[in-house]
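K.L.:
for reference, the sequence and a predicted model appear below.
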Amino acid sequence: MTDESIFVEYFGDSPLVRILNFLILGKDFDYSMTEIAEGAGVGWTSFVRAWKTLVSKNAV
């Protein structure tokens, strides 16, 4: 059994979902982009692609 959150289990294990999950769980704290990528377990290139999507959708 893995330690995935229900959010990741439900929406799928993609970089975008992992980033959103990290931000939801750490909503009371401020993180740099590097800290978000590392905390979400996402590589930098995948992070940048997903981050651009989140910014374009006004999610972050």
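P.N.:
Looks like it came in fine.
K.L.:
hey, let's count contacts and neighbours off CA atoms from now on
P.N.:
Will do.
K.L.:
how about the closest residue in space to Val17 that isn't next to it in sequence, what does it touch?
P.N.:
Distances taken as C-alpha to C-alpha, 6 or more residues apart in numbering place Val8 nearest to Val17, at 6.3 Å, with adjacent residues excluded. With contact set as C-alpha atoms under 8 Å, 6 or more residues apart in numbering, Val8 has these partners: 17-18, 21.
K.L.:
okay, and which of those map to strands?
P.N.:
Under the assignment DSSP state E, the contacts of Val8 contribute nothing to strands.
K.L.:
so can I have TSV of these showing pLDDT, distance to Val42 and neighbour count?
P.N.:
Listed next are the contacts of Val8 as TSV, based on pLDDT from 0 to 100; distance: C-alpha to C-alpha, whole Å; neighbours: other C-alpha atoms under 10 Å:
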residue	pLDDT	distance to Val42	neighbour count
Val17	97	10	18
Arg18	97	8	25
Asn21	96	12	19
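K.L.:
now these in CSV, with distance to Asn58?
P.N.:
Formatted as CSV, those follow (distance: C-alpha to C-alpha, whole Å):
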residue, distance to Asn58
Val17, 15
Arg18, 17
Asn21, 16
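K.L.:
any stretches of this protein with poor pLDDT?
P.N.:
Within the chain, the ranges that satisfy pLDDT under 70 run 1-2.
K.L.:
for this structure, which residue occupies the most central location?
P.N.:
By C-alpha atoms, centre = their mean, the mean C-alpha position of the chain lies nearest to Ile19, the distance being 0.2 Å.
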